[in-house]
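K.L.:
Here is the input, now give the coordinates:
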Amino acid sequence: MILVGALLMAAIPRVVEVVPPQRWFPAGSSVEQVIPDVDLGIDAKEVIASWNVQPTIDAKIKVEVCAHVLDRKTSWYTMADWNLHEAATRTTVNGQKDDDGKVSTDTLVLNRPARKFDVRITVTTGAAGAEVSLLTLAGSNGINPEPAPSRVGLGKVIEVPQKCQGNYPKGNVICSPTSTTMILNHWSIILNRMDLNVDVPETTEAVWDAAYNGGGNWPFNTAFAGSFQGLRAYVTRLSSINDLQEWTSRGFPVACSVASSVLYGKMLDPKEQGHLVVLVGFAENGDPIFNDPAWKSGVRKTFKRADFDKAWNHSDHTVYLIYPKSTTPPPTQGSWLP
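P.N.:
Next up is the predicted model:
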């Protein structure tokens, strides 16, 4: 047990692209594929799957994961039954819990760490075919190394459109689709693409999780963003704020999952379920600058770096990375795709 703990201490969050043997699925088909022995490169206690499907007309994908624990495999855990066109059947599966772990909405939480996983996808198409353009598995163990301070990107702010969740229906529970919308609107301006100029209600409808009964499912948000031609979107976990500085310094806004009460320098509210904000840059002193959709006025907010770090830690540094495939991400140590 001490050895396992030592290995976990050294682990940086990782995400890997899972390559299915078949990416294109013709019209009117239903195909199951198993991708075995996906190696995360770390001993992970939590795992999140993400996917991008294009085009999404009548397309459905079921994503399941099983972990290699010790000398055996766990049961299959359903991570999602997803589609874009039918909100009533777009869902996660409640009640998945056994001796090996549980599924907490969109996250597989293991009782023992695992390095290798099997991934099973079932893709069903209707009148049109569909491509699984991206499938990823992100893993972490909740213990991140402390890096040396960095000055990369300090003093730079990305002008991302500002939106308030309270201005829309279901306003108290749509921080995530509001954040996703702000990033899509940003790329709409940069790329001169009107199809990315969506509004919050459209995004909310597209990411709603029937079982969770909310818009906060992480990979459902990135699946919607990644359904647009030419975009790549997935959920991952980063090692530190330094990673975020690398992204914003290159002009990439990042959606971050935080504990809202802690972000404002308060004690954690045990009733809160997390909050999404869009990181748009950093002040010269290193404090992060956000579009916080919780505010009806003054969406642009600057928070104390230490408060943000604590607040972000409550999601184990979870982020949405949403960006054009034509762009080049920062150099990676494994917490995001190259």
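
K.L.:
any weak-confidence spans in the stretch 1-150 of the chain?
P.N.:
For the stretch 1-150 of the chain, the stretches with pLDDT under 70 are 1-10.

K.L.:
Show me where the stretch 151-300 of the chain has its strands.
P.N.:
Under the criterion DSSP state E, counting those that start in this stretch, strands of the stretch 151-300 of the chain are mapped to 231-237, 254-258, 275-282, 288-291, 300-302.

K.L.:
could those go into TSV alongside distance to residue 246?
P.N.:
Bear in mind the C-beta positions are built from the backbone N, C-alpha and C, glycine included. TSV is the format used below for the strands of the stretch 151-300 of the chain (distance: least, C-beta to C-beta, whole Å):
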stretch	distance to residue 246
strand 231-237	13
strand 254-258	10
strand 275-282	11
strand 288-291	13
strand 300-302	20
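
K.L.:
Of all the ones you listed, which one comes closest to residue 141?
P.N.:
Closest of the strands of the stretch 151-300 of the chain to residue 141 is strand 231-237, at 9.8 Å (criterion: C-beta to C-beta).

K.L.:
gap between the closest one and the chain center?
P.N.:
6 Å (C-alpha atoms, centre = their mean, to the nearest Å).

K.L.:
CA atoms only: put it into PDB for me.
P.N.:
Only the C-alpha atoms of strand 231-237 are listed here, as PDB (Å, rounded to 0.1, in the frame of the first residue of the first chain):
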ATOM      1  CA  LEU A 231     -13.800  21.800 -33.600                       C
ATOM      2  CA  ARG A 232     -12.200  19.500 -31.000                       C
ATOM      3  CA  ALA A 233     -13.600  19.400 -27.500                       C
ATOM      4  CA  TYR A 234     -12.900  17.200 -24.500                       C
ATOM      5  CA  VAL A 235     -12.800  17.000 -20.700                       C
ATOM      6  CA  THR A 236      -9.500  16.600 -19.000                       C
ATOM      7  CA  ARG A 237      -7.700  17.500 -15.700                       C
END
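
K.L.:
Using TSV, lay out the strands of the stretch 151-300 of the chain together with mean pLDDT.
P.N.:
Output for the strands of the stretch 151-300 of the chain, formatted as TSV (pLDDT from 0 to 100):
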stretch	mean pLDDT
strand 231-237	99
strand 254-258	99
strand 275-282	99
strand 288-291	98
strand 300-302	98
